[in-house]
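A.B. asks: give me a model of this one.
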Amino acid sequence: MNETLRPARIGGCALLASAGAAALGAYFSVSSAALFLCCFGLFYAVSALSPGRREIACFSAAAAVFALGRLFGHSYDRLNSHGLVFKSAGTMALSFFACCALFLSALCFCILLRRMLSGLSGYALRSKPLRPSEARLLFFSMFFVLFLGSVPYLLLYAPGLNIADTRDQILQYFGYPSVIGDGSVLTDHHPLLTTLLYALFMRLGLALGSANAGQLLYSVCSLAAVSLAMAGLLLTLVDQGISEGAARSLAVFLALWPVTALYAFNMCKDVSVLPCVLLYCRHMLKLWRSRGEVLRQRGFAFHLFANALLMMLLRKSAVYALLFAFILLLPCIRPRLRLAAAFVGAAAVYFVCSLLVLPALGVMPGETREMLSVPFQQSARTLAEYDDATGAERAALSRVLDVESAPLVYDPRLSDPVKDATKPDFTAEDLRAYASAWLSMGVRHPSCYISAWANLVYGYFYPSEDNTIVCLTLNSPDQGELRLTQDEGLSGLRLQLHNFLYYRLRRIPGFGCLFYVDTVTWIFLFLLTALAVSGGYAAAAPWGFFLGQALICLLSPKSGEIRYLLPVLYALPAMAGALLISLGRRDADRE
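C.D. replies: Numbers count the residues shown, from 1 in each chain. Got it, this is the predicted structure:
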């Protein structure tokens with residue numbers, strides 16, 4: 001840029017930074033001085049660049065989502081409502097300027113970060129192919145790094161970790177009552193394949209002498225499976241062009257990051273599906289790099305089909321995310337018939353199993369109320385805040401929901417208490433009556449309905465202290481021989497680790513963002529957008545499954561629960577590698 005224009009550029013950036021910092025400081029109650037320095041640095045750095053139209057358009061969409069997520073997230077985190085934004089004309093004006101500042105800052109940050117990655121891409125790409133012996137050595141070295149990174153945590157939490165759902169699955173299989181049934185029959189409330197898998201390890205443990213042995217055996221197998229799958233994914237990135245050093249760096253980071261190290265051996269359905277998710281990432285990398293030609297190779301379409309089916313059987317929401325991914329892939333991947341055979345064929349087999357085979361085998365379907373978290377929360381919040389429900393509406397609601405207790409147990413960020421206040425035996429006719437009353441109340445109180453929904457999802461877009469970044473629990477069935485125990489002598493160390501993760505590491509500026517759930521959302525959104533900028537629609541479409549998983553979180557029963565984003569989290573190394581490859585290829589084409 002012409003030197004004579006530099007003072008004007010500095011003055012303009014300083015003016016924008018001052019206004020933005022003042023608005024952000026007033027809205028978020030933080031120091032305006034630090035904000036000014038950050039804003040000015042971003043604005044001034046980007047002002048020297050010449051971003052293209054596609055770059056501005058794509059990153060503007062991502063920046064708008066970021067701005068709105070942070071703006072409303074702050075309000076819901078403090079007040080459980082949008083009161084900080086719409087309380088008065090003054091708060092609306094302040095919120096508008098804060099939103100504009102967030103938008104501009106995020107837009108500049110995305111543009112600058114992409115340019116920085118473009119400059120680094122040359123160092124992250126390899127110059128020559130690996131020999132088979134070098135590839136094997138690299139694979140096993142990364143596997144051992146990933147595996148050993150979790151071993152200290154496994155020793156501390158032995159025999160392992162799980163969630164409450166896993167306990168219920170084990171109780172159900174062994175015929176004990178739980179929140180998902182009386183134990184007389186198996187149900188498909190949670191994926192049946194995971195129920196059978198966990199029960200198998202419990203039986204092995206009991207054969208060896210204790211349920212603890214089964215839990216520990218599962219923990220080791222899960223850790224090995226996730227580590228092998230991740231090492232395989234990183235090796236695929238190397239095959240596609242990433243340097244060995246970059247792959248090893250990713251392996252070391254994942255091994256040292258407590259979140260991935262602790263989840264690798266957790267006995268829960270969200271972790272059990274991860275090896276398949278990582279294999280799916282490898283399939284998508286090959287599809288993208290070959291522009292679909294790999295589908296013509298013998299066996300590839302079948303492998304994609306089998307892996308997609310296994311993902312659906314291990315995690316129910318995967319069927320919808322995979323069908324969404326298939327729709328996004330259609331315009332850019334050929335041969336389309338083989339693509340359809342893999343995705344649609346897997347979905348067809350899954351629905352045949354769920355709707356025909358399992359009922360024929362005596363497996364009861366899962367409860368409908370699991371899909372109604374948002375409507376139940378909306379009804380409970382409306383009943384708690386307003387007293388204008390008609391007699392007919394209350395009667396219709398009470399056919400499904402306990403209208404007396406639901407408002408009392410309502411938790412804005414967790415739907416389980418209200419779901420537990422529903423009647424487990426309501427019929428389709430009861431549900432239709434409830435839907436009619438729910439709709440009529442929503443027409444009168446749309447703002448209340450929006451707030452009830454937003455409280456369940458804002459944690460995926462805002463760094464709330466209530467976010468669950470890692471699960472550190474072991475839920476024992478405590479029935480018969482099914483008792484899981486940890487070393488009481490290490491309980492103090494386990495408590496210290498919990499407090500260290502949640503109350504110390506989160507406080508470290510910059511680094512602390514790695515321990516908030518919303519960081520996963522924003523990194524994913526940046527990588528997806530940057531891929532679209534660098535390689536067009538064809539580069540972003542292969543990651544549609546993970547976009548589908550992120551969108552499913554908009555119907556989440558809990559705000560800021562990392563388990564629901566684990567597939568997205570584990571896909572980030574693959575997406576980062578794909579972006580570096582795409583940037584490096586663009587630079588090579590220019591040369």
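A.B. asks: buried residues in stretch 153-160, which are they?
C.D. replies: 153-154, 157-160 (16 or more other C-beta atoms under 10 Å). C-beta here means a position set from N, CA and C on the backbone, and glycine is covered the same way.
A.B. asks: name the residues that touch it?
C.D. replies: Contacts with stretch 153-160, where a contact means C-beta atoms under 8 Å, 6 or more residues apart in numbering, come from 212-213, 215-216, 218-220, 223, 258, 261-262, 265-267, 472, 474, 484, 486-487, 490, 493-494, 497.
A.B. asks: weed out the non-buried ones from those residues.
C.D. replies: For the contacts of stretch 153-160, buried by 16+ other C-beta under 10 Å: 212-213, 215-216, 218-220, 223, 258, 261-262, 265-267, 472, 474, 484, 486, 494, 497.
A.B. asks: now intersect these with the strands, please.
C.D. replies: Of those, the ones assigned to strands by DSSP state E are 266-267.
A.B. asks: can you give me the mean pLDDT across the longest helix that the chain contains?
C.D. replies: Taking DSSP state H as the criterion, the chain has its longest helix at helix 89-124. For helix 89-124, mean pLDDT rounds to 93.
A.B. asks: following element in sequence after it, please.
C.D. replies: helix 132-157 (DSSP states H and E).
A.B. asks: buried residues, that following helix. List them.
C.D. replies: Buried, per 16+ other C-beta under 10 Å, within helix 132-157: 138-139, 142-143, 145-147, 149-150, 153-154, 157.
A.B. asks: put together CSV for these, with pLDDT and distance to Leu84 on each row.
C.D. replies: Output for those, formatted as CSV (pLDDT from 0 to 100; distance: C-beta to C-beta, whole Å):
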residue, pLDDT, distance to Leu84
Leu138, 96, 51
Phe139, 97, 51
Met142, 98, 46
Phe143, 98, 48
Val145, 98, 45
Leu146, 98, 43
Phe147, 98, 46
Gly149, 97, 41
Ser150, 97, 41
Tyr153, 97, 39
Leu154, 97, 43
Tyr157, 97, 39
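A.B. asks: re earlier: any chance of the buried residues of stretch 153-160 in a markdown table, plus distance to Leu295?
C.D. replies: Formatted as a markdown table, those follow (distance: C-beta to C-beta, whole Å):
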| residue | distance to Leu295 |
| --- | --- |
| Tyr153 | 40 |
| Leu154 | 39 |
| Tyr157 | 42 |
| Ala158 | 44 |
| Pro159 | 43 |
| Gly160 | 39 |
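A.B. asks: how about these, which pair is most distant?
C.D. replies: Tyr153 and Pro159 (12.5 Å; C-beta to C-beta).
A.B. asks: can you give me every residue that contacts the closest residue to Gly20 other than its chain neighbours?
C.D. replies: In space, and not counting its chain neighbours, Gly20 is closest to Ala101: 3.2 Å by C-beta to C-beta, 6 or more residues apart in numbering. Residues in contact with Ala101 (C-beta under 8 Å, 6+ apart) are 19-21, 23-24, 39.
A.B. asks: quick one: which of those is nearest to Val319?
C.D. replies: Leu24 (41.5 Å).
A.B. asks: so how far is Ala229 from the closest one?
C.D. replies: 41 Å (C-beta to C-beta, to the nearest Å).
A.B. asks: looking at these two, which is more packed in?
C.D. replies: Leu24 (27 against 22; other C-beta atoms under 10 Å).
A.B. asks: and the helix or strand hosting that one, what's buried?
C.D. replies: According to DSSP H and E, Leu24 maps onto helix 6-28. Residues of helix 6-28 classed as buried: 13, 16-17, 20-25, 27-28 (neighbour count, 16+ other C-beta under 10 Å).
A.B. asks: for stretch 403-411, the averaged confidence score.
C.D. replies: 93.
A.B. asks: and the protein, what are its domain boundaries?
C.D. replies: Domains of the chain are assigned by automatic domain parsing as 3-124, 128-272+470-500, 368-460.
A.B. asks: how about the ones you listed, which one is nearest Gly560?
C.D. replies: domain 368-460 (2.3 Å).
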